[in-house]
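Visitor: Quick one: sequence plus predicted model below, questions after.
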Amino acid sequence: MLSSEDNARLTRTGPDTPMGKAFRAYWMPALLSSELPEPDCPPKRVRLLGEDFVAFRDTRGRVGIIEPACSHRGANLFFGRVEDCGIRCAYHGWKFDHAGNCLEMPTLTPEAAERVRPRAAIRALETRESGDVIWAHMGDGPAPDLPRFEFAEVPPEHRFVSKKLQQCNWAQACEGGLDTAHFSYLHAGIRDGEKVGLHEVSSRSSRADGENEPPSMARFRWLIEDGRPQFTVLEHDAGLLLCAARQADDDQLYWRMTQFLMPNHSLAPGNFPEDNNLGNTWVPIDDVSCWIFCYCWNPDRPLTEKETERMRRGWGVFSEVDADYVPVRRRENDYLVRPRVAARIELHRDPWHLGTGSGHRRQPGIDRGPHPGAARSDRPRGCTVQEHDPGGGIRRGGRQDAEGGRSSGRLPGALRRYRRPGGYPDHRCRQVAVRDDVGSRCSVVRDACCANRALHL
């Protein structure tokens, strides 16, 4: 187990933190190319390593990722217009290009604009596009060469790329993705009350285990039969090769090998010639959430329509996601393990905090620094509303409303969102009211600041 100090050093990724400085020395996936689908399309909010940006694709197809505040009066450029090779501030019409240079100052005389323009430039990240991904370099010095991943080198029809939100810090998500021991348990199938390989769940064949079973199928059984893999870790210049051996048939070993590439990439095991290749990159949004960019590719053939549709529905490292790339199965709805209960839960997402969505006003309290829930060593468990309610307005049993007044205990509809005093939802501490199926009793269900808990599927 890490100490609290080491945990903070690993998971804090702001500009002045050790890990934040390390991340800023590398290229990071910032967006999927499809999120800016065409020139002069609407801009996108982006949040990376605890910093906020606005991304746009200009008339020539170039991608700019710039700081959100206009250098004139600080208006948010997310509400600007993308036109004529730049983004124009909606407040006074100042226009900036993809590199952050101020192109036009229509509120000033030409002489004044010429004098002020050099000082009006705003911060812009260096960007590249490769493998259907928009990459950004956040460091101050010269950017290194863009990494040449195999998925980005194959023809577009040979790959499938997506991303998904993970509601925990990047390090916990990464270590869950690198871990192969959990395959023996979390990814097991259940048949007749017994743990079996996933390939057996839909099969009711009466043949004995292993009979006429090719190794590409038997491996799922080996994962179940040996739940204690033996690890060998090899270091190389780019990272680590994680090798896990399990007992197979006839006293042989089944090896699963995972590449970890600095600072936040992995290539998942693919052990047989017919397998597609899979990879992940874990990109911190802030200290309590991250994007996982997911890749599947085959160097020898195009992916089939059936394979890509399967990945869109959630297969392998991919999740079924909504329009904002938030998994359909997520913590707030118990990952749809209990669909009848999950259907009664209302999810509140702040689009600015997640770096997604459009047309929403930025809410106060979003940029108040890392939340203590990010530390894996002291995450709260079994918290009650009284213990961790930052606003103090909601009492046990739901008998007091968010503004401090008395509540009848009845809801105007099946669901009602409780808010902090002042009317603003706290993004770190969600509170949801749920109507009980029987009677009119209401209870308050909450996600108690455990932002670094995650179920790795």
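Guide: Structure received.

Visitor: which residues in this structure form helices?
Guide: In the chain, helices defined by DSSP state H lie at 4-11, 18-23, 110-116, 150-153, 170-178, 215-225, 305-312, 339-342, 351-354, 385-388, listed in chain order.

Visitor: could you dump those helices to a markdown table with mean pLDDT?
Guide: What follows is these, written out as a markdown table (pLDDT from 0 to 100):
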| stretch | mean pLDDT |
| --- | --- |
| helix 4-11 | 95 |
| helix 18-23 | 97 |
| helix 110-116 | 96 |
| helix 150-153 | 96 |
| helix 170-178 | 94 |
| helix 215-225 | 88 |
| helix 305-312 | 96 |
| helix 339-342 | 52 |
| helix 351-354 | 38 |
| helix 385-388 | 32 |
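
Visitor: Would you reformat these as TSV and include mean neighbour count and distance to residue 54?
Guide: No exception for glycine: its C-beta is placed from N, CA and C like everyone else's. Formatted as TSV, the entries for the helices of the chain read as follows, by neighbours: other Cβ atoms under 10 Å; distance: least, Cβ to Cβ, whole Å:
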stretch	mean neighbour count	distance to residue 54
helix 4-11	16	26
helix 18-23	16	20
helix 110-116	11	22
helix 150-153	17	25
helix 170-178	21	22
helix 215-225	18	45
helix 305-312	14	28
helix 339-342	12	34
helix 351-354	20	11
helix 385-388	14	33
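
Visitor: Of the ones you listed, which is nearest residue 33?
Guide: Distances from residue 33 to each of the helices of the chain were compared using Cβ to Cβ; the shortest belongs to helix 150-153, at 11.1 Å.

Visitor: Residue 220 against residue 198, yeah?
Guide: Yes. With contact defined as Cβ atoms under 8 Å, residue 220 counts as touching residue 198 (5.2 Å).

Visitor: hmm, back to that, now the helices of the chain in TSV, with distance to residue 67?
Guide: Rendered in TSV, the data for these read as follows (distance: least, Cβ to Cβ, whole Å):
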stretch	distance to residue 67
helix 4-11	24
helix 18-23	17
helix 110-116	18
helix 150-153	27
helix 170-178	22
helix 215-225	47
helix 305-312	34
helix 339-342	38
helix 351-354	14
helix 385-388	33
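
Visitor: Which one, of those helices, ends up nearest to residue 139?
Guide: Using Cβ to Cβ as the measure, helix 18-23 is the one of those that comes nearest residue 139, at 8.3 Å.

Visitor: Which strands or helices does that closest one pack on?
Guide: helix 4-11 (3 or more Cβ pairs under 8 Å, 6 or more residues apart in numbering; DSSP states H and E).

Visitor: With only the CA atoms kept, save the helix it packs on in PDB.
Guide: Once side chains and other backbone atoms are set aside, the C-alpha atoms of helix 4-11 remain, and they are given as PDB (Å, rounded to 0.1, in the frame of the first residue of the first chain):
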ATOM      1  CA  SER A   4      -0.700   9.100   1.800                       C
ATOM      2  CA  GLU A   5       2.200  11.200   0.600                       C
ATOM      3  CA  ASP A   6       3.200   8.800  -2.200                       C
ATOM      4  CA  ASN A   7      -0.500   8.500  -3.200                       C
ATOM      5  CA  ALA A   8      -0.800  12.300  -3.500                       C
ATOM      6  CA  ARG A   9       2.400  12.500  -5.500                       C
ATOM      7  CA  LEU A  10       1.100   9.900  -8.000                       C
ATOM      8  CA  THR A  11      -2.400  11.100  -8.400                       C
END
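
Visitor: tell me what that helix is packed against?
Guide: Under the contact rule (3+ Cβ pairs under 8 Å, 6+ apart), helix 4-11 is packed against helix 18-23, helix 170-178.

Visitor: now with 7 Å?
Guide: helix 18-23 (3 or more Cβ pairs under 7 Å, 6 or more residues apart in numbering; DSSP states H and E).

Visitor: Relative to the whole chain's centre, how far out is the helix it packs on?
Guide: Distance of helix 18-23 from the chain centroid (Cα atoms, centre = their mean, to the nearest Å) equals 18 Å.

Visitor: Can I get it in CSV? Just the C-alpha atoms.
Guide: These are the backbone C-alpha positions of helix 18-23, laid out as CSV (Å, rounded to 0.1, in the frame of the first residue of the first chain):
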residue,chain,number,x,y,z
PRO,A,18,5.6,16.4,-9.7
MET,A,19,3.3,14.1,-11.7
GLY,A,20,1.7,17.0,-13.5
LYS,A,21,5.1,18.1,-14.7
ALA,A,22,5.9,14.6,-15.9
PHE,A,23,2.6,14.4,-17.8
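
Visitor: Any chance you could list what contacts that helix?
Guide: 9, 10, 12, 13, 14, 49, 263, 284 (Cβ atoms under 7 Å, 6 or more residues apart in numbering).

Visitor: how near is the third one to residue 18?
Guide: Computed with Cβ to Cβ, to the nearest Å, the distance linking residue 12 and residue 18 is 8 Å.

Visitor: and the nearest residue to residue 52 once chain neighbours are set aside, how many neighbours?
Guide: Of all residues not flanking residue 52 in the chain, residue 68 sits nearest, at 5.4 Å (Cβ to Cβ, 6 or more residues apart in numbering). The local packing of residue 68 (other Cβ atoms under 10 Å) involves 23 other residues.

Visitor: contacting residues for residue 68?
Guide: 52, 53, 54, 76, 77, 78.

Visitor: ok so, going back, of the contacts of helix 18-23, which is the nearest to residue 103?
Guide: Of all these, residue 103 sits closest to residue 49, with 27.8 Å by Cβ to Cβ.

Visitor: residues contacting that closest one?
Guide: 13, 14, 20, 23, 138, 284.

Visitor: in the stretch 101-250 of the chain, what spans have low per-residue confidence?
Guide: The stretch 101-250 of the chain contains residues with pLDDT under 70 at 202-212.

Visitor: If we use 80, what do you get?
Guide: The stretch 101-250 of the chain contains residues with pLDDT under 80 at 198-212.

Visitor: one step back: how close does the residue nearest to residue 52 sit to residue 58?
Guide: In this structure, residue 68 lies at 17 Å from residue 58, with Cβ to Cβ as the measure.

Visitor: pLDDT at residue 274, what is it?
Guide: At residue 274 the predicted local confidence, pLDDT, stands at 85.

Visitor: Kindly provide the distance from it to residue 308.
Guide: Plainly put, residue 274 is 17 Å away from residue 308 if you go by Cβ to Cβ.

Visitor: Any chance of CSV for the contacts of helix 18-23, columns distance to residue 31?
Guide: As requested, the contacts of helix 18-23 are exported to CSV (distance: Cβ to Cβ, whole Å):
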residue, distance to residue 31
9, 28
10, 25
12, 23
13, 18
14, 21
49, 14
263, 19
284, 15
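
Visitor: Go through those and say which is closest to residue 91.
Guide: When those are compared against residue 91 (criterion: Cβ to Cβ), the nearest one is residue 49, at 27.4 Å.

Visitor: Model confidence score at the residue lying closest to that closest one once chain neighbours are set aside, please.
Guide: For residue 49, ignoring the flanking residues on the chain, the nearest one in space by Cβ to Cβ, 6+ apart is residue 13 at 4.7 Å. Residue 13 carries a pLDDT score of 97 in this model.
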